[in-house]
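Student: have a look at this prediction, sequence included:
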Amino acid sequence: MAFYEKDVDVMIDSATVAAKVKELGTQITRDYQGKELTLIAVMKGSLFFGMDLARAIDLPLTLEVLGVSSYSGGTETTGEVRITSDVTKPMAGKHILVVEDIIDTGLTMKFLLENLGARHPASVKVCALLEKPVRARTKIPIDYKGFVIEDKFVVGYGLDFDEKYRNLPFIGVMKGR
Ligand code: 5GP
């Protein structure tokens, strides 16, 4: 029995995730022809998705990672976000694609779009593997979207529960949550 089986059910299997990543990569390749693309993966949840997506894009690109931390008031996010680790290069004039694991309330991405937008990039777009529209507290334009899911707490493929389960190769759902 695999270590996770007692606590996690498969929601989206790894073959389905891989096919979607390939499809998103093809779309992005088509849309960014001739442009200087900077892919920013938001840590830690988007590391696996971001790196797989980068390999599915048939263009020269620059990779960056950005660390964020949300302040929570109890169990709910307050929407106040802090950058814990910034990108390594100036973003002025760059075509930025922010890669997120999941857009839940949207407050993290709202902050990131405002923050990155103030650095005078040529463009900023959003690629999210998952979206939980039921929980949205602000409208985020998701330019490239993987899967729309119901309001369940998901883990795997970068997403954690208490820092665990990030290494599952599929999107899973915590049993009983
Ligand atoms: P938002 O600011 O959109 O509410 O939240 C974005 C962040 O919250 C995500 O990047 C992720 O780290 C975390 N998050 C939201 N929903 C889930 C979920 O179902 N599972 C996990 N593991 N993290 C989530």
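Tutor: Cool, got the structure.

Student: list the buried residues in stretch 86-102.
Tutor: Neighbour counts over stretch 86-102 (16 or more other Cβ atoms under 10 Å) mark Val87, Met91, Lys94, His95, Ile96, Leu97, Val98, Val99, Glu100, Asp101, Ile102 as buried. In this view, the C-beta of every residue, glycine as well, is placed from N, C-alpha and C.

Student: so which of these reach the ligand?
Tutor: Restricting those to those touching the ligand (Cβ under 6 Å from any ligand atom) yields Glu100, Asp101, Ile102.

Student: wait, is the second one part of a strand?
Tutor: So that's Asp101. Yes. Asp101: assigned to a strand according to DSSP: H, G, I helix; E, B strand; the rest coil.

Student: that one contacts Ser46, correct?
Tutor: Yes. Counting by Cβ atoms under 8 Å, Asp101 does reach Ser46; the two are 4.7 Å apart.

Student: so what sits against both of those two?
Tutor: Both Asp101 and Ser46 are contacted by Leu129, Gly158, under the criterion Cβ atoms under 8 Å, 6 or more residues apart in numbering.

Student: taking the buried residues of stretch 86-102 together, which two end up most distant?
Tutor: Using Cβ to Cβ, the pair of the buried residues of stretch 86-102 lying farthest apart is Lys94 and Ile102, separated by 24.3 Å.

Student: ok, and what's touching the helix or strand containing Thr84?
Tutor: In this structure, Thr84 sits in strand 76-85 according to DSSP states H and E. Contact with strand 76-85 is made by 43, 65-72, 105, 107-108, 110-112, 115, 137, as judged by Cβ under 8 Å, 6+ apart.
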